[in-house]
Every structure is written in C-alpha cells, then in structure tokens.
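J.: Build me a structure from this.
(one chain, ligands or ions: 1)
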Amino acid sequence: NLGDLRCIGCGAKIQTTDPTELGYTPQSALEKGLESNELYCQRCFRLRHYNEIAPVSLSDDDFLRLLGQIRDDDALIVYVVDIFDFNGSIIPGLHRFVGSNPVLLVGNKEDLLPRSLRRSKLRDWLRQQANLAGLRPIDTILVSAKKNHQIDHLLGLIDKYRQGRDVYFVGVTNVGKSTLINQIIKQRTGIKELITTSRFPGTTLDRIEIPLDDGQKLIDTPGIIHQHQMAHVLSAKDLKYVSPQKEIKPRTYQLDPGQTIFMGGVARFDYLAGPHTGISAYFDNNLPLHRTKLINADRFYEKHNGELLTPPMKDELSDFPPLERQAFHLTEKSDVVFEGLGWITVPAGTAVAAWVPKGVSSLVRRAMI
Ligand code: GDP
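T.: Here you go, the predicted model:
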C-alpha cells in the first residue's frame, strides 16, 4: 500500500502499476527513493537526470531568490497554463516553491478549443488533470488572453482570493503569460504593450511589478523553459504550428489497424490494433496530415520528409532529431498527446504508437473531448 506517497518533483501520487500514467515509479526505484528520501516518479527522475526541464538559468541567483521569495511571501499564486498544451505547461516541483500559498489555476488559450465543447466540462477536465499532477487549486478559470475572454472575471477572482496579499504570476514559457499580463495592464491602466510578447520561448526575463490600489502588487516571474518542448526542435518560422492562432478544427479519420498518420514530418501516429474506428486529430489547422499504410510508413517518411511532409523544411532536415516511438494500450477513451503539438483522441480497446522527435514527450491522458 503506497498510501499518499507523492513525487517530490511533480507532486503526483506514486504508483507502480501503469507506466503510461502520472506518478509511475518502477518498484526498484521506489525502494531506492524511499531509502534516500528522494522519491521521484520516473518522468521527473528522467527530467532531472537528463536535465530536460530547467528554469531559466537555474544558476542565476536572482531567479533562485525569486522562487524563495514566493515561498516565503504570503501571496496568491496565479498559475497560468496553456489549455492546448496542458502537459507541457506543468512546472515540476511547483508545489515546493508555492509553499502553503493558495494557487489559482488559469487555463489560457481557451479560444483554440472547439466552441461546441462545453466550458464547464473543460474546466472539470482541467481541474482533474491538475489534481493528477498533485495540485489542489482553490479555483480554476478558463480565459483567452488574446481575445480578452474572461479577463474581468479573472481579475474578480484575484481580488477575491488575494485578500490584501501580493499576487505572483507563474508559468512555463509560451503559455501566454505576457499576453495575459498585457491585457490586465491594458484593462487597469490603459497602457498597451508594456511587456514584449514573443513566440520565442524564454524572452520574458525581467521581473515586472504592477502596483495594486492597496499598495500590494502583481508580480510577473520569468517563464520557466521546458528545454525539450516541441518549440525547441522547430525553426523560428515553424513555431506557428505550436502556437496556433485560430480555433482548432478537429480532423477525423476512419481507421483500420495497420494505418499511419503523419503530422507533417514532426510526429507520427500508428494504429496498431483494435476495430475499424473513428479518431479525431487536434492540431494547428495548417499542419498538414497524411494518411498512409503502416508497412510503408518508414519508407514514406524517408522519401517525403521535408517535402510532402512539412514542417520541417528540406534545408532543416540535417538539424532535425529522429522520431522515436512509444506504444500505448488504451483501456479508456484517451488522448494520445504529442507534447506541444496537439493530440489524437482514440477510443478504448485499441493499441497505438506515437512518434515524436527525440527529446520531446508523448503520453496518454483521459480524453478532453
Ligand atoms: P509567455 O512566454 O508565456 O509570456 O507567452 P506569450 O504571451 O509571449 O505568448 C506566446 C504565444 O501564445 C504567442 O504566439 C501568443 O500570441 C500566443 N497566445 C497568448 N495568449 C493566447 C490566447 O489566449 N489564445 C491564443 N490562441 N494564443 C495566445
């Protein structure tokens, strides 16, 4: 009985049964972890070990001081995630540097999800995913910083929960934290574009403070970089595929086992086993998808990558990492997530494989839609 053992990296409940689920730890690692009092789930262990996720220049004294300050301050933490890339928005060890401060979870970019998806359902899903990641937010809200959706409501919630305290905004790069703060500034003071927004991860380096009426302040923190997110393997001009700007139109396919779908040349999905079935793909509308036979897929990729299958472009191929495969058996309706790029919703009772560039993760989660 593992009781309430949690990973000290991400806070997920430790389990030893399902390698595809959060908190998975091999039995041997569990024993070692308990002995040394450093219990990480396999995912966090790898991240730590290979240094795949690191805050902006962790060696930087200012940054560490800032994190320490959040823990020691009596504050409200506004944790901004990208609802289109929830898994890539998770900050490992967040619970360690928020200390006992309350966390308000903000799911940004809700404009990207189909309008037909009920927002209350989406919020429940987000809350559940946050719980799985070891987080117990006091409240959860969906916004679109870009479209100015629900920003008033967010400001209302911040006022309700901060109770005279400072407010820290935290988030990994590219979730839209700068855009959100710009909206807030615009709403409060009429100053536009005070902070530069950018598609390039890691550009929000300064600490920015916005004074509040009662002498407290909103504090923007540097975006934490996921060093191996999809954005890092794409060239500047291909970054648009990981920051979609318009509502995603799901693309559906009727598939038989033995069929493959390529997402440009950056990712690949194999349908290995199960019935003739419908699947839905959620990616940037401009990312070209190609269906082919699984037995021809390797050859197809070799022949067409950089041409029919783009991004990447032909001249980028030499820098592009090879695709790596991970297989999943799905016992419930699930999203097969290509981290930072999108996902494919697949019914229960199927076996699939996801291919992503070396260093980027693929995973499965409960279906969002
Ligand atoms: P930061 O690194 O977290 O500060 O992110 P930015 O504010 O620089 O935004 C990163 C990318 O996401 C930019 O391309 C923004 O245009 C885009 N973005 C930000 N907010 C939204 C939103 O609400 N909806 C959509 N669709 N895109 C957004």
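J.: Now do the residue of the stretch 51-200 of the chain found nearest the ligand, the pLDDT please.
T.: In the stretch 51-200 of the chain, the residue that lies nearest the ligand is residue 176 (2.8 Å; C-beta to the nearest ligand atom). (C-beta placed from N, C-alpha, C; glycine too.) Here, the pLDDT recorded for residue 176 equals 88.
J.: Could you tell me how many residues sit around it?
T.: 26 (other C-beta atoms under 10 Å).
J.: For this structure, just list every one of the helices.
T.: Here the chain has its helices, by DSSP state H, at 27-36, 42-50, 61-72, 94-98, 119-132, 151-162, 177-189, 230-233, 294-304.
J.: Give the rounded mean pLDDT of stretch 235-244.
T.: In the prediction, stretch 235-244 has an average pLDDT of 81.
J.: please renumber so the chain begins at 338
T.: Happy to do that; since the first residue is 338 now, the last one works out to stretch 572-581.
J.: quick check, distance from that stretch to the centre of its chain.
T.: Mean-position distance between stretch 572-581 and its chain equals 15 Å (C-alpha atoms, centre = their mean, to the nearest Å).
J.: and what of stretch 445-459?
T.: Averaging C-alpha positions (C-alpha atoms, centre = their mean) puts stretch 445-459 16 Å from its chain's average.
J.: now what about it, what contacts it?
T.: Residues outside stretch 445-459 that contact it (C-beta atoms under 8 Å, 6 or more residues apart in numbering) are 417-421, 444, 479-484, 486-487, 512-514, 516-517, 581, 583-587, 705-706.
J.: how about it, does it reach the ligand?
T.: Yes - using C-beta under 6 Å from any ligand atom, stretch 445-459 reaches the ligand at 445-446, 448-449.
J.: Kindly report the same for stretch 669-682.
T.: No - Stretch 669-682 stays clear of the ligand (C-beta under 6 Å from any ligand atom), getting no nearer than 11.9 Å.
J.: now the end-to-end length of that stretch.
T.: 11 Å (C-alpha to C-alpha, to the nearest Å).
J.: swap in stretch 646-659?
T.: In stretch 646-659, first residue to last residue: 14 Å (C-alpha to C-alpha).
J.: Then stretch 353-363?
T.: The first residue of stretch 353-363 is 6 Å away from its last residue (C-alpha to C-alpha).
J.: Give the rounded mean pLDDT of that stretch.
T.: Average pLDDT, stretch 353-363: 84.
J.: Determine the number of other residues adjacent to the closest residue to residue 664 other than its chain neighbours.
T.: Counting by C-beta to C-beta, 6 or more residues apart in numbering, residue 664 lies nearest to residue 690, which is 4.5 Å off, once chain neighbours are set aside. Neighbour count of residue 690, defined by other C-beta under 10 Å: 17.
J.: Point out where the chain drops to low pLDDT.
T.: Scanning the chain for pLDDT under 70 picks out the ranges 338, 346-348, 380-381, 383-404, 525-546, 559-565.
J.: how's it carved up into domains?
T.: If you go by automatic domain parsing, the domain ranges for the chain are 338-387, 390-564, 588-703.
J.: and the helices of the chain as JSON lines, adding mean neighbour count and distance to residue 604?
T.: JSON lines is the format used below for the helices of the chain (neighbours: other C-beta atoms under 10 Å; distance: least, C-beta to C-beta, whole Å):
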{"stretch": "helix 364-373", "mean neighbour count": "13", "distance to residue 604": "29"}
{"stretch": "helix 379-387", "mean neighbour count": "17", "distance to residue 604": "19"}
{"stretch": "helix 398-409", "mean neighbour count": "14", "distance to residue 604": "32"}
{"stretch": "helix 431-435", "mean neighbour count": "19", "distance to residue 604": "27"}
{"stretch": "helix 456-469", "mean neighbour count": "16", "distance to residue 604": "21"}
{"stretch": "helix 488-499", "mean neighbour count": "16", "distance to residue 604": "33"}
{"stretch": "helix 514-526", "mean neighbour count": "20", "distance to residue 604": "26"}
{"stretch": "helix 567-570", "mean neighbour count": "23", "distance to residue 604": "8"}
{"stretch": "helix 631-641", "mean neighbour count": "14", "distance to residue 604": "11"}
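J.: follow-up on the earlier one: which among the domains of the chain is found nearest to residue 572?
T.: The closest of those to residue 572 is domain 588-703. By C-beta to C-beta, the value is 5.3 Å.
J.: still on that earlier bit, buried ones among the contacts of stretch 445-459?
T.: When the contacts of stretch 445-459 are checked for burial by 16 or more other C-beta atoms under 10 Å, the buried set is 417-421, 444, 479-483, 486-487, 512-514, 516-517, 581, 585, 587, 705-706.
J.: looking at it, residue 676 is touching residue 426, isn't it?
T.: No - the pair residue 676 / residue 426 is not scored as a contact, 10.0 Å apart, by C-beta atoms under 8 Å.
J.: between those two, which one's more packed in?
T.: Higher neighbour count among residue 676 and residue 426: residue 426, with 27 against 22, using other C-beta under 10 Å.
J.: How about the more buried one, nearest residue that isn't a chain neighbour?
T.: Nearest residue to residue 426, sequence neighbours excluded (C-beta to C-beta, 6+ apart): residue 418, at 3.7 Å.
J.: quick one: contacts of stretch 475-495?
T.: Residues from elsewhere that reach stretch 475-495 (C-beta under 8 Å, 6+ apart): 413, 415, 420, 439-448, 456, 459-460, 463-464, 467, 498, 504, 513, 516-517, 519-521, 524-525, 555, 582.
J.: Please see if that stretch touches the ligand.
T.: Yes - for stretch 475-495 and the ligand, the contact criterion (C-beta under 6 Å from any ligand atom) is met by 481-483.
J.: Give me the most central residue, this protein.
T.: Central residue of the chain (C-alpha atoms, centre = their mean): residue 425, 2.2 Å from the mean position.
J.: OK, contacts around that one?
T.: 419, 509, 563, 566-567, 676-677 are the contacts of residue 425 under C-beta under 8 Å, 6+ apart.
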